[in-house]
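In: sequence and predicted model, in that order:
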Amino acid sequence: MLNTMTLGRLRLAVQLLMLFLTVWGSQVVGYYAAEKISGTLPALSCAYDKQNGAYCMLIPLQHQLHHRVGEGLVAAQQFSFQILLPLLFTLLTFLAFFVVLNKAFCGWVCPLGTLQELVFRLGRRLGLPVRRLEAGQAAKARPVKWLLLVILVLALPLMAGLGLTPHSTGDAWCQVCPSRIATTLLTADTEQTALKTDSTLEFALGAVANTLLGFTLVAALALRQPFCRICPLLAWNALFQKIGLLRLVKRQHDKCGKCRVCSEACPMDIEAISQAHGSKAFTEDCTLCGRCAEYCPEDGVIALKFGPLALFRSSRAYYKRRVQGEKPNGETRPVQSRVKFVEPGHG
């Protein structure tokens, strides 16, 4: 249980630490060790980064589909250990990470997620209004990440290996991923922002990547986690979310669905958190950030657990302290206007 700091502050500290490690970490442990240790980290930290300490498992997954599975089928080779084992080990190493921390890789580790939160905080400093997606809007955005996963991460690399699509589609997702540009810019490398002119397709993919990054940074000034809503890695992680040891648990309570503070606190605007209980309360969009547990004003309704062990439980006393500095929707309170306690639904 947390006594000396809020869960939110702890998560921010972890995010900032992981931002350093995933962008500059290899300079600490050495590039060779970093590449071997974190080759399948389930968070968007791109392998294009020079001397990077980690990169997401979508890259080796695409690589195996392109150079192993696709090209193996073209050569009329039967599926064998030579083809299946590299892909199998990629998935198994991913699962080894994922079983431990589940989708907390999205909410606590991913550098692009951290950057979006920092930009959102900047928006609050600038006095910009907070925007959120209504239930219908969030539902419309939800299938996008699955389409990106199926088409860009899985289908196109396989088709490139089969010779059905151009070679540049062998890592189609990497070509448009805004994390590739954002994290390399943090290393003072502007090379990834340049548009390739070798072909119309490569030029178009580069233009999409730059556009996505611009949209993400601008939208994040007012909307929480805009890119996470369409991120294919979140979709991939959602496929396995039930096997992770770290998870959020919610029990049924008479006041659920009335105050709706937990849904307001959720950076992904998940309405089910305030309306449902059990596993149905945490949809595929949940990143395990834990804000719903922080802002639940009832004792023990929402808990962050690792296996049977409760790491954090919602409590009224914690809620009282938390809302003194920040509202559930992410707006900060000026020091001079902070109050001792704010009832749910009243500011």
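Out: Structure received.
In: show me where the stretch 201-347 of the chain has helices.
Out: Applying DSSP state H, counting those that start in this stretch to the stretch 201-347 of the chain gives helices spanning 232-239, 261-265, 272-275, 291-295, 316-325.
In: state the distance from the residue nearest to Glu294 when sequence neighbours are not counted to Cys292.
Out: Here the nearest residue to Glu294 in space, its sequence neighbours aside, is Leu7; by C-beta to C-beta, 6 or more residues apart in numbering that works out to 5.0 Å. Bear in mind the C-beta positions are built from the backbone N, C-alpha and C, glycine included. Going from Leu7 to Cys292 by C-beta to C-beta, to the nearest Å gives 11 Å.
In: show me which of those two is the more surrounded one.
Out: Cys292 (29 against 21; other C-beta atoms under 10 Å).
In: pick the most deeply packed of the helices of the stretch 201-347 of the chain.
Out: Highest mean neighbour count of these: helix 291-295, a mean of 27 (counted as mean count of other C-beta atoms under 10 Å).
In: what helices or strands is that one leaning on?
Out: If you count contacts as 3 or more C-beta pairs under 8 Å, 6 or more residues apart in numbering; DSSP states H and E, helix 291-295 packs onto helix 7-24, strand 246-250, helix 261-265, strand 302-306, strand 309-313, helix 316-325.
In: what's the neighbour count on Val69?
Out: Neighbourhood size, Val69 [other C-beta under 10 Å]: 19.
In: still on that earlier bit, would you turn the helices of the stretch 201-347 of the chain into CSV with distance to Glu191?
Out: Shown next, in CSV, are the helices of the stretch 201-347 of the chain (distance: least, C-beta to C-beta, whole Å):
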stretch, distance to Glu191
helix 232-239, 23
helix 261-265, 39
helix 272-275, 41
helix 291-295, 36
helix 316-325, 40
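In: dump these to JSON lines, plus mean pLDDT and distance to Leu88.
Out: Supplementary listing: the helices of the stretch 201-347 of the chain in JSON lines, determined by pLDDT from 0 to 100; distance: least, C-beta to C-beta, whole Å:
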{"stretch": "helix 232-239", "mean pLDDT": "94", "distance to Leu88": "16"}
{"stretch": "helix 261-265", "mean pLDDT": "94", "distance to Leu88": "39"}
{"stretch": "helix 272-275", "mean pLDDT": "91", "distance to Leu88": "34"}
{"stretch": "helix 291-295", "mean pLDDT": "95", "distance to Leu88": "36"}
{"stretch": "helix 316-325", "mean pLDDT": "93", "distance to Leu88": "43"}
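In: can you say which of those is nearest to Leu73?
Out: Closest approach to Leu73 among those (C-beta to C-beta): helix 232-239, 22.6 Å.
In: skipping adjacent residues, who's closest to Leu248 in space?
Out: Nearest residue to Leu248, sequence neighbours excluded (C-beta to C-beta, 6+ apart): Phe282, at 5.3 Å.
In: tell me which residues touch the closest residue to Arg224 other than its chain neighbours, please.
Out: Closest residue to Arg224 apart from its sequence neighbours, by C-beta to C-beta, 6+ apart: Pro267 at 3.8 Å. Residues in contact with Pro267 (C-beta atoms under 8 Å, 6 or more residues apart in numbering) are 117, 224-225, 228, 287, 289, 291, 330.
In: and Pro267, how far is that from Gly30?
Out: In terms of C-beta to C-beta, Pro267 sits 35 Å off from Gly30.
In: ranking the contacts of Pro267 by neighbours, who comes first?
Out: Going by other C-beta under 10 Å, Cys289 tops the contacts of Pro267 with 28 neighbours.
In: do you know how far Val119 is from Val218?
Out: Taken as C-beta to C-beta, the span from Val119 to Val218 is 9 Å.
In: same drill for these two, tell me which one is more crowded.
Out: Neighbours per residue (other C-beta under 10 Å) separate Val119 from Val218, with Val119 holding more: 18 against 13.
In: contacts only, for the more buried one.
Out: Counting by C-beta under 8 Å, 6+ apart, Val119 touches 217, 220-221.
In: mind exporting the strand or helix carrying it as PDB, just the C-alpha atoms?
Out: For Val119, the enclosing helix or strand under DSSP states H and E is helix 111-125. Only the C-alpha atoms of helix 111-125 are listed here, as PDB (Å, rounded to 0.1, in the frame of the first residue of the first chain):
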ATOM      1  CA  PRO A 111       7.400   6.200 -23.800                       C
ATOM      2  CA  LEU A 112       4.800   7.500 -26.300                       C
ATOM      3  CA  GLY A 113       2.200   7.100 -23.600                       C
ATOM      4  CA  THR A 114       4.300   9.100 -21.200                       C
ATOM      5  CA  LEU A 115       4.900  11.900 -23.700                       C
ATOM      6  CA  GLN A 116       1.200  12.200 -24.300                       C
ATOM      7  CA  GLU A 117       0.600  12.600 -20.600                       C
ATOM      8  CA  LEU A 118       3.300  15.200 -20.300                       C
ATOM      9  CA  VAL A 119       1.800  17.100 -23.200                       C
ATOM     10  CA  PHE A 120      -1.700  16.900 -21.600                       C
ATOM     11  CA  ARG A 121      -0.200  18.400 -18.400                       C
ATOM     12  CA  LEU A 122       1.200  21.200 -20.500                       C
ATOM     13  CA  GLY A 123      -2.200  21.800 -21.900                       C
ATOM     14  CA  ARG A 124      -3.500  22.300 -18.400                       C
ATOM     15  CA  ARG A 125      -0.700  24.700 -17.700                       C
END
